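Asks: Got a sequence here, can you model it:
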Amino acid sequence: MNPSQSSETLLRFGLSLLETMEAKPHLVLLVSLLVVSVHLVSCARNFVVVWDADDIHKENRDTGSNGEVITLDDKDEKKGPFGFMDPQGPILEWDEFGDTEEPMEYVVDPGSWSHVLEHENRGEHPNEYAAAVRKMVEGLSNGELSVLNEAIRGLQSVAENGNVHAESTLAFLYASGSGVQQSDAKAFLYHHFAAHGGNLQSKMALAYSYSRQQMYEEAVVLYSELAAVAMASFISSKDTPLTEPVRLNEGFEESRESLKKFRGEDDDDFQFLEYQAHKGYPEAMYRLGVFYYFGLRGVRRDHGKALTWLLKAVDKSDSRSMDLLGEIYARGYGVERNYSQAYEWFLQAASQNHYSAFNGIGYLYVKGRGVAEGKNLTKAKEYFRKAAEAGDSHGHYNMGILYLKGLGVKKDLKVACKHFMTAANKGHPKAFYQLAKMQQRGIPGLKRDPATAAALFKIVAERGPWGSLMKWALECYLKGQTAKALLLYSRAAELGYEVGQSNAAWILEKYHNEGICLGQSGVCTDAERHRRAHILWSYSSEQGNEHAALLIGDAYYYGRGAEKNLDRAAEAYRKAQLQQNSQAMFNLGYMYEHGLGLPKDFHLAKRYYDQALDTEPAAMLPVTFALIGLYLRQKYAGSFIGRWADEILKAKLDFEESFNLFRVNYDNMTLMTLFACLLTVLYLRQRQRRMHYGQYVDSSPS
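Replies: I've put the predicted structure just below:
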C-alpha cells in the first residue's frame, strides 16, 4: 500500500471512530494519536513548485501579464489540464499571453459551488453532487432544515463514493454546525480527504488552519501550491484577479456609502460616469473601459464594451487607454490577437511617457513577436529598466526576473530580490510570489523563513479563482439575499479570507432576528449564533481587524458566545487599542475606573478616556460624561454625589450604547448642557446644606 492509500485508510477509519466517540469517550485519545499519524503520512505528499534549484541554472524564457517575464523550462514537460503542469510534476508553467483558449473557472476550480449552481443556466442535467449542493444552498438560504438534511444525506452518499468536492462541502457543514453536530475533528478529516483528492478549496482551508496553529512548514507547502495555481489562473479564470474586499460594516453600522458603489450599472455613480463618457470626457471613457475589462464595482466583464470605450478614449489621446489596448490586442480578448497592433498601441502610449507601456514593448521583444527585429533581450531590458526607473511595479518585477535568471544581464539574486521587494511594496502579487519562493528555500542574503513565506503565499493564493466567493456573496447581499450571502461569506471565512470572516460575523450579529442561521436542529439558538460570531470575530481579529478585536472584548465582557472573562476582555480591548480603536480606549478607561478585570486606577482611566477623545473627536459627549463621572467619584467618594454618580454610571454598562449614543449627533449638545446644569444644582444644594448645618452647630447651646 502506498502512502496515499494508507493515509486515506487511516483517515476514513478515524471518521468512523468519531461517529462513536459520544458513546465511547475513551476513544478520544486513540483518535488524537490517529490524527498525528495521518499528519506524518501526509507530509510525504507531492506538491507543485515553480522555481527549483535546477531552474536557476537553465536559460528558460517565458513571460506574463503587463510584460512580466516568466522563465520556466518548456522542454518536454508533462502538462496537465488547463495549461499548467500536472501536480505530480516538478514545475508549474503558464503563459499569460499564450495562444491557448481561456479556461473557465470551473476547469481551474472544479469544486466551485458557482459552477454547480449554473448547471440550469447551461441547460445541463445536474449530477448527484450538484443536486445536493443546490439543495444545501436552498435549505440554508430559506431556513428550511428538512431541505438541508436531504442535501446532507445526498452529500454523504456521493462522498462515500469518493467525490472529493462533496467531502469538502461536508467539512464546511461540520465546521459551522449547520444541520449536523459541530465537530472540528470531522471537519479536519473531511478536508483532508478532499485536499488529498485534489480539492483546492479544502487545501486553502487546511493551509489556513495550519498557519493559525503556527505549523508553518505544513502551511507553506499547501500555500505554495495554491499560489502557483492562482498565478496560472490570473487570466485563465473568468473572474478578475483584482480582488475587491468590500466590508459590509463600518463599526457597528452598515457601510452604505461603500456598498452603493458596487451595484454595477444600476449605481448612480456609474450612470453619471456613463453620462460623462457620452459627453466626451476621456477620463470617464477610460474608467468605463477598465470597469468592463476587469469586471470591477459589480460590473460584468465585457471585453467588447471595454474595447469600444477605450477606442473612444484614445481618440481623445488618452495614453492609459492606449496601453490597455496594447494588452487587449496581445491577449486577443474581444479582438483577434494581433501582436503588431499591440506594439503600435504600446509605442503610442510610451511616446506620451506612460511608463507602464514600456513593459508591453519589453514583453514583445522577449517573445520576438510584433517587432521587426525579433527576439532581443538587450532591448527588452532597456524598456523594463525605463519602466522601473519611473517607479512602475511591473518594471521592477520584470527586472527582478531578468536578474533572477540571468537574461540579458549577469545573474544576481540579491539585485533580483531588491527589485521584487520594491514591486511587492507597490502591491504587485507576482512579486509576493517570488519573494515567498525565496523565503521558502532561502538564498544568499535572505534567510529561510517558512512563516513569512506562508504569509506571502497566502496573499497570492487569495487571488485565485476561489476568491470569486467574495464577489458572489456581495452580489447576494446587495440583492437582499442575506442568508445566501452569509453562507458564501462563511465559506470564504473558512478559507482564510479576513473580510469574509468579518462580514459573516457581522451578518450573524446584525440580522439575528431573521432566522438566517441554521444549527443542528433548526434556527440557531442565541448561544449557537454567538458562538459562531465569536469564532469568526476571533479569526478576523488575529488577522488585524481592530473592530473584531473590540467585539471579542465585548464577548468576554458580557459572556456572549464565550464564558465571561474580564481578564481576557481587557486583553482584547488592549489589542484593539493598539490599533487605534477609540471605543476600546473608552472601555479600558471604564474598566480601570471601576476595577473590572483591571486594578482600579483613576489616573489610568482618565488617560484612556483622553486617548479616546484624541483619537475620535466625535466622541466628545460620551467621553465628557465619563470624565465628569470620574471627577465626581474621585472628589466626592463616599458622599451623596459620589454615590449618585456611581448609580448613574452603573445604568450605562453597555459600552456600545454609552459610547455611540451621542458620538456623531452634535445636536445633542443641549443634553450635555442640561446635565452639567443638574450637577451644578446638586452641588449648590449640597453646599447650602453644609453651610446650614454649620450655622446650626455654631448657634446651638454649648
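
Asks: The host helix or strand of residue 552 packs against which elements?
Replies: Element membership for residue 552 (DSSP states H and E) is helix 546-558. Contacts defined by 3 or more Cβ pairs under 8 Å, 6 or more residues apart in numbering; DSSP states H and E place helix 546-558 against helix 498-510, helix 526-542, helix 566-578, helix 582-594, helix 655-660. Using the backbone N, CA and C atoms, a C-beta is placed for each residue, glycine as well.

Asks: would you turn these into CSV with mean pLDDT and distance to residue 263?
Replies: Output for these, formatted as CSV (pLDDT from 0 to 100; distance: least, Cβ to Cβ, whole Å):
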stretch, mean pLDDT, distance to residue 263
helix 498-510, 90, 17
helix 526-542, 87, 25
helix 566-578, 86, 32
helix 582-594, 87, 30
helix 655-660, 50, 28
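
Asks: What segments of this structure are strands?
Replies: In the chain, the segments counted as strands under DSSP state E are 249-250, 253-254.

Asks: Help me confirm that residue 465 comes into contact with residue 112.
Replies: Yes: the pair residue 465 and residue 112 qualifies as a contact (Cβ atoms under 8 Å) at a distance of 7.0 Å.

Asks: Name the residue in those two with the higher neighbour count.
Replies: The neighbour comparison of residue 465 against residue 112 (other Cβ atoms under 10 Å) goes to residue 465, with 28 against 23.

Asks: number of nearby residues for residue 302?
Replies: When neighbours are counted by other Cβ under 10 Å, residue 302 comes out with 15.

Asks: who are the neighbours in contact with it?
Replies: With contacts defined as Cβ atoms under 8 Å, 6 or more residues apart in numbering, the neighbours of residue 302 are residue 292.

Asks: What separation do you get for it and residue 262?
Replies: The gap separating residue 302 from residue 262 is 17 Å, by Cβ to Cβ, to the nearest Å.

Asks: How about residue 150?
Replies: From residue 150 to residue 262 the distance is 34 Å (Cβ to Cβ).

Asks: before we move on, what about residue 474?
Replies: The separation that residue 474 has from residue 262, given Cβ to Cβ, amounts to 6 Å.

Asks: Need the overlap of contacts for those two.
Replies: Joint contacts of residue 474 and residue 262 (Cβ under 8 Å, 6+ apart) are 246, 298.

Asks: neighbour-wise, which of the two wins?
Replies: Using other Cβ under 10 Å as the criterion, residue 474 and residue 262 rank with residue 474 on top: 23 against 19.

Asks: low-scoring stretches of the chain, by residue?
Replies: Per-residue confidence for the chain (pLDDT under 70) gives these ranges: 1-108, 118-126, 234-244, 251-252, 255, 445, 636-679, 681-702.

Asks: My guess is residue 461 contacts residue 207. True?
Replies: Yes: here residue 461 lies in contact with residue 207, judged by Cβ under 8 Å, at a distance of 7.3 Å.

Asks: If you count surrounding residues, which of those two has more?
Replies: Set side by side, residue 461 and residue 207 show more neighbours around residue 461, with 32 against 28, by other Cβ under 10 Å.

Asks: How about that one: what's its closest non-neighbour residue?
Replies: Take residue 461 and drop its neighbours on the chain: the residue closest to it by Cβ to Cβ, 6 or more residues apart in numbering is residue 226, 3.9 Å away.

Asks: Can you get me a residue count around the one you found?
Replies: Going by other Cβ under 10 Å, the residues that sit close to residue 226 add up to 25.

Asks: try residue 562
Replies: Around residue 562 there are 19 residues (other Cβ under 10 Å).

Asks: Got phi/psi on it?
Replies: Dihedral pair for residue 562: phi -150, psi 160, per degrees, to the nearest 10.

Asks: my guess is it contacts residue 556, does it?
Replies: Yes: using Cβ under 8 Å, residue 562 is in contact with residue 556, at 5.6 Å.

Asks: so what sits against both of the two?
Replies: residue 568.

Asks: Report how far apart the opening and closing residues of stretch 517-530 are.
Replies: Using Cα to Cα, to the nearest Å, one end of stretch 517-530 lies 11 Å from the other.

Asks: What residues sit buried inside it?
Replies: 517, 518, 519, 524, 528, 529, 530 (16 or more other Cβ atoms under 10 Å).

Asks: now swap in stretch 471-481 and tell me
Replies: 471, 472, 473, 474, 475, 476, 477, 478, 481.

Asks: what do you get for stretch 277-296?
Replies: Result for stretch 277-296 [16+ other Cβ under 10 Å]: buried residues 277, 281-282, 284-296.

Asks: what do you get for stretch 328-335?
Replies: 328, 329, 330, 331, 332, 333, 334.

Asks: can I get those residues in TSV with distance to residue 245?
Replies: Output for those, formatted as TSV (distance: Cβ to Cβ, whole Å):
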residue	distance to residue 245
328	26
329	31
330	29
331	26
332	30
333	25
334	27
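
Asks: Tell me which of these fall in helices.
Replies: 328, 329, 330, 331 (DSSP state H).

Asks: Looks like the last one contacts residue 338 (just checking).
Replies: The one in question is residue 331. No: counting by Cβ under 8 Å, residue 331 sits too far from residue 338 to count as a contact (10.5 Å).

Asks: Now do the helices in the stretch 101-250 of the chain.
Replies: Applying DSSP state H, counting those that start in this stretch to the stretch 101-250 of the chain gives helices spanning 105-108, 113-117, 128-142, 145-160, 164-176, 184-196, 200-212, 216-233.

Asks: Looking at the ones you listed, which is nearest to residue 535?
Replies: Closest approach to residue 535 among those is made by helix 164-176 (9.2 Å; Cβ to Cβ).

Asks: Which neighbouring elements make contact with the closest one?
Replies: helix 128-142, helix 145-160, helix 184-196, helix 200-212, helix 482-494.

Asks: so the last one versus helix 200-212, what angle?
Replies: When you say that, I think you mean helix 482-494. 60 degrees (axes from the mean of the first three to the mean of the last three Cα atoms, to 10 degrees).

Asks: before we move on, back to that, right, so the strands of the chain: which one is the most enclosed?
Replies: Of all the strands of the chain, strand 249-250 has the most neighbours on average by mean count of other Cβ atoms under 10 Å, namely a mean of 16.

Asks: about what we covered before: make a markdown table out of the helices of the stretch 101-250 of the chain and add distance to residue 348.
Replies: Below are these laid out as a markdown table (distance: least, Cβ to Cβ, whole Å):
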| stretch | distance to residue 348 |
| --- | --- |
| helix 105-108 | 34 |
| helix 113-117 | 39 |
| helix 128-142 | 48 |
| helix 145-160 | 55 |
| helix 164-176 | 47 |
| helix 184-196 | 48 |
| helix 200-212 | 40 |
| helix 216-233 | 30 |
